[in-house]
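Engineer: sequence plus the predicted model coming up.
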Amino acid sequence: MAEKNDLMEKVVSLCKRRGFVFPGSEIYGGLANTWDYGPYGAELKKNVKNAWWKHFVDDRDDMVGLDAAILMNPKTWEASGHVNSFSDPLIDCKKCKTRHRGDKLLEEKIGVEKTAGIELKEIHNALEKEQVPCPDCGKIDWAEAKTFNLMFKTHQGVVEESTTEVYLRPETAQGIFVNFKNILDSCRVKVPFGIAQIGKAFRNEITPGNFIFRTREFEQMEIEYFCKPDTKKEVFEEWKDLSKQFFTEVLGIKTDNLRFREHDEKELSHYSSMTFDVEYRFPFGKRDAVETWGELQGLADRGDFDLSQHEKFSGKDLKYQDPHTNERYLPHVIEPSFGCDRTLLTVLIDAFDEEKLEDDSVRTVMRFKPSIAPIQVAVFPLLKNKEELVGKAREIYKDIKKSFRSEWDDSGNVGKRYRRQDEIGTPYCITVDFDTLEDESVTVRDRDSMEQERVKIGELKEYLMAKM
């Protein structure tokens, strides 16, 4: 396994080399903190989202889906509190004129718990007291901290004036809340039930970074689960279990690299009475850093804050009426909110492995769970210049492709093809050789063990299905 201090560099390098993630607009010199998902990255991301949707929506009877608009009426963000309170503490380095998030600099130095709840006016003195240097120039000469609203503004229509000002949504949750009544009226749902959404959100982060961990354009996988107020504690615990199950059982993330962390009172958002983060042990930070825990998912008790705010600002009655008791009330909300790009980064880091072989060479392999691997099966003809081998391999490939995400590979010798597929994370490679023409069997090579097995062509699909 790669050492912690250079694992991140190796993952980023592999992502570029093998077509998982490219720097955005690279031919023009790039655009800071923008990333494009290449063919394998786009497939892996789609598989993660599909696995999330199946686990939390398709496999349950109490969930429905939504795809709300990115642009929303600006009153939405007044009601939610984003216009007045969605900001970070910005601090300038007087020496090199770069800008940073003061709270994050303190977190890296003294930890999240000690930083939680620190007021804006205290940040400058805290940075000076803790001798926190500027990450760019290394000097300790900070200006006073000030607030910086994270929402991206744009204008709707052809005239740019204050009345046409709208925002790119900073979260997907509000699209769910403003459609709560529509879903009640159209889908015959009954409390408790949840609404799920996967979509883009935008935050004008002061200091984005750590590859795709913190970006200004990102994707969320979010659920708002509506329940009776007196049941929310047990509902919260249920979603804690479901969340852990998703990461460990569905995605195959190692349990040792995950933890739940409860927010203390000073750290809680204005809408939450209780929040837990699912955190992953990321290989971020300086080379001497032991570990950096970063948020993968937030699980919050939002109470009835959002529905009551939208009821107040819109003047609409958003209360739920129980069909059995006729009781009318605003449901309370438990919110599991997942970062899609962060989850993808976690999958990439957790899967990365370097294995020393008997000949002292080192094999790089992405050990994705087969169900989410970008390519599940690669098909090779032993030699690309033998028509009978290529023809037979093409027949098998065409058939296998109907059931599994498959790739044709005939470039280079078989050993090089294995190494290439290992770096892509392909669990199984099928080689068609001269014996295949005689016995209707192929060689199936396992990515993780590198063991090879002869399998009859007629039994190939069943064999692979059992492995997936």
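Structural biologist: Sure thing, it's come through.
Engineer: so where do the strands sit in the stretch 151-300 of the chain?
Structural biologist: 152-155, 165-168, 193-202, 217-227, 258-262, 274-282, 292-303 (DSSP state E, counting those that start in this stretch).
Engineer: need those strands in a markdown table (columns: distance to S361, mean neighbour count and mean pLDDT).
Structural biologist: C-beta: built from backbone N, CA, C; applies to glycine. Formatted as a markdown table, the strands of the stretch 151-300 of the chain follow (distance: least, C-beta to C-beta, whole Å; neighbours: other C-beta atoms under 10 Å; pLDDT from 0 to 100):
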| stretch | distance to S361 | mean neighbour count | mean pLDDT |
| --- | --- | --- | --- |
| strand 152-155 | 48 | 13 | 93 |
| strand 165-168 | 48 | 18 | 94 |
| strand 193-202 | 41 | 20 | 98 |
| strand 217-227 | 38 | 22 | 98 |
| strand 258-262 | 32 | 15 | 95 |
| strand 274-282 | 28 | 21 | 95 |
| strand 292-303 | 31 | 20 | 94 |
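Engineer: looking at those, which is nearest to D141?
Structural biologist: Ranking those by proximity to D141 (C-beta to C-beta) places strand 292-303 first, at 26.0 Å.
Engineer: gap between that closest one and the chain center?
Structural biologist: Remark: strand 292-303 is offset 13 Å from the chain centroid, using C-alpha atoms, centre = their mean, to the nearest Å.
Engineer: domains of the protein?
Structural biologist: 4-76+161-349, 87-149, 375-467 (automatic domain parsing).
Engineer: could you dump the strands of the stretch 151-300 of the chain to JSON lines with distance to D341?
Structural biologist: Below are the strands of the stretch 151-300 of the chain laid out as JSON lines (distance: least, C-beta to C-beta, whole Å):
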{"stretch": "strand 152-155", "distance to D341": "17"}
{"stretch": "strand 165-168", "distance to D341": "16"}
{"stretch": "strand 193-202", "distance to D341": "10"}
{"stretch": "strand 217-227", "distance to D341": "5"}
{"stretch": "strand 258-262", "distance to D341": "17"}
{"stretch": "strand 274-282", "distance to D341": "13"}
{"stretch": "strand 292-303", "distance to D341": "11"}
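Engineer: so which of those strands is nearest P23?
Structural biologist: Closest to P23 of those, according to C-beta to C-beta: strand 217-227, at 13.8 Å.
Engineer: elements contacting the closest one?
Structural biologist: Packing partners of strand 217-227 (3 or more C-beta pairs under 8 Å, 6 or more residues apart in numbering; DSSP states H and E): helix 39-53, helix 173-177, strand 193-202, helix 232-245, strand 332-339, helix 340-351.
Engineer: closest to K94 out of the ones you listed?
Structural biologist: Closest to K94 of the helices and strands packed on strand 217-227 is strand 193-202 (C-beta to C-beta; 30.0 Å).
Engineer: so what sits opposite the residue lying closest to W293 once chain neighbours are set aside in the bridge?
Structural biologist: Leaving aside its sequence neighbours, W293 sits nearest to E279 (C-beta to C-beta, 6 or more residues apart in numbering; 4.3 Å). Beta-bridge pairing of E279 under DSSP bridges involves R259, E295.
Engineer: same question, R214
Structural biologist: G209.
Engineer: pull the number of nearby residues for it.
Structural biologist: 20 (other C-beta atoms under 10 Å).
Engineer: likewise for T426?
Structural biologist: Per other C-beta under 10 Å, the neighbour tally for T426 reads 28.
Engineer: again with E358
Structural biologist: Count around E358 with other C-beta under 10 Å applied: 5.
Engineer: again, but for S13
Structural biologist: By other C-beta under 10 Å, the residues close to S13 number 12.
Engineer: so where's the protein shaky on pLDDT?
Structural biologist: Segments of the chain classed as low confidence (criterion: pLDDT under 70) are 1-5, 285-291.
Engineer: let's see it at 80
Structural biologist: For the chain, applying pLDDT under 80 flags the ranges 1-5, 112-113, 117, 160-163, 285-291.
Engineer: re earlier: and R101, which of the strands of the stretch 151-300 of the chain is closest to it?
Structural biologist: strand 292-303 (14.4 Å).
Engineer: now C134: closest residue in space, sequence neighbours ignored.
Structural biologist: C93 (4.1 Å).
Engineer: now that neighbour, which residues is it bridged with?
Structural biologist: W142.
Engineer: from I118, how far out is it?
Structural biologist: Using C-beta to C-beta, to the nearest Å, one gets 19 Å for the distance from C93 to I118.
Engineer: ok, now P170?
Structural biologist: From P170 to I118 the distance is 22 Å (C-beta to C-beta).
Engineer: go on, E462?
Structural biologist: Per C-beta to C-beta, E462 is found 60 Å from I118.
Engineer: out of those two, which sits in the busier spot?
Structural biologist: The neighbour comparison of E462 against I118 (other C-beta under 10 Å) goes to I118, with 18 against 10.
Engineer: pretty sure the more buried one is touching A126, no?
Structural biologist: Yes: the pair I118 / A126 is scored as a contact, 6.4 Å apart, by C-beta atoms under 8 Å.
Engineer: what do these two both touch?
Structural biologist: L106 (C-beta atoms under 8 Å, 6 or more residues apart in numbering).
Engineer: CA atoms of stretch 300-316 as PDB?
Structural biologist: Provided in PDB are the C-alpha atoms of stretch 300-316 (Å, rounded to 0.1, in the frame of the first residue of the first chain):
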ATOM      1  CA  ALA A 300     -28.900  16.300  10.700                       C
ATOM      2  CA  ASP A 301     -32.100  16.700  12.700                       C
ATOM      3  CA  ARG A 302     -33.600  19.800  10.900                       C
ATOM      4  CA  GLY A 303     -36.800  19.800  13.000                       C
ATOM      5  CA  ASP A 304     -39.600  21.800  11.200                       C
ATOM      6  CA  PHE A 305     -37.300  24.800  10.600                       C
ATOM      7  CA  ASP A 306     -37.500  24.700   6.800                       C
ATOM      8  CA  LEU A 307     -41.200  23.900   6.400                       C
ATOM      9  CA  SER A 308     -42.100  26.600   8.900                       C
ATOM     10  CA  GLN A 309     -39.900  29.200   7.200                       C
ATOM     11  CA  HIS A 310     -41.300  28.500   3.800                       C
ATOM     12  CA  GLU A 311     -44.800  28.500   5.200                       C
ATOM     13  CA  LYS A 312     -44.100  31.900   6.800                       C
ATOM     14  CA  PHE A 313     -42.400  33.500   3.700                       C
ATOM     15  CA  SER A 314     -44.800  32.000   1.100                       C
ATOM     16  CA  GLY A 315     -48.100  32.400   3.000                       C
ATOM     17  CA  LYS A 316     -49.000  28.800   2.000                       C
END
